[in-house]
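Student: Below: sequence and its predicted model.
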Amino acid sequence: MRIARPKRLLERDAREDLWLHTLSQIPTLFGKLQYLASLRDPNTGYYEHHGLSLVFGEKEATKAMRQNHKLSFAEWLSFGLADQQADLEEYLISLRSPLHEILASWDLLEPWKLYMPHGVMPSEKALYAADMRTICRVLTQRSAAAAPDPVA
């Protein structure tokens, strides 16, 4: 793949560029996880970002996406459950679909499993899954409690 400008002319590396121009614009950490996971081909596990690859080359761009994904995931795991819940709720509200519908779908499909980077330890997977199920259960209960009574 052809690189648009020589790397020596760039002020920052691909990881910094991805952070500065894209990830810093995403308001939630969970949103960053989802975005980075969306750049990964689910069939091959390879990250793809045309613009980043054009500027930095495919190898550097892939490395940057993988590193940012792992760093974001580690940061997510370092959050306490309350901070994770607040961040996830902000992300879900930004989707502009009814929260109860999203949570019902997530209960069945667990799409958040796809947001983990490759190569995480089994203990990290287990912690992430337990946290996500707990948070989704709490948000579902809160959403149900806030919904108007259909009998009334």
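Tutor: It's in. This is a predicted model, so every value here is computed, not measured.
Student: mind listing what the residue sitting nearest the centre point of the chain touches?
Tutor: Centroid check for the chain by Cα atoms, centre = their mean gives residue 33 as the closest residue, at 1.4 Å. With contacts defined as Cβ atoms under 8 Å, 6 or more residues apart in numbering, the neighbours of residue 33 are 69, 72, 73, 76, 115, 116. Using the backbone N, CA and C atoms, a C-beta is placed for each residue, glycine as well.
Student: please redo it, this time with the cut-off set to 10 Å
Tutor: Residue 33 makes contact with 26, 68-69, 72-73, 75-76, 87-88, 91, 112, 114-117, 128, according to Cβ atoms under 10 Å, 6 or more residues apart in numbering.
Student: Buried subset of the residues you listed as a PyMOL selection?
Tutor: For the buried members of the contacts of residue 33, the matching PyMOL selection, counting by 16 or more other Cβ atoms under 10 Å, is:
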select buried, resi 26+68+69+72+73+76+87+88+91+112+115+116+117+128
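Student: Of the contacts of residue 33, which belong to helices?
Tutor: Secondary structure defined by DSSP state H assigns 68, 69, 72, 73, 75, 76, 87, 88, 91, 128 of the contacts of residue 33 to helices.
Student: Just name the closest of these to residue 17, please.
Tutor: The shortest gap between residue 17 and any of the ones in helices among the contacts of residue 33 belongs to residue 68, at 10.4 Å (Cβ to Cβ).
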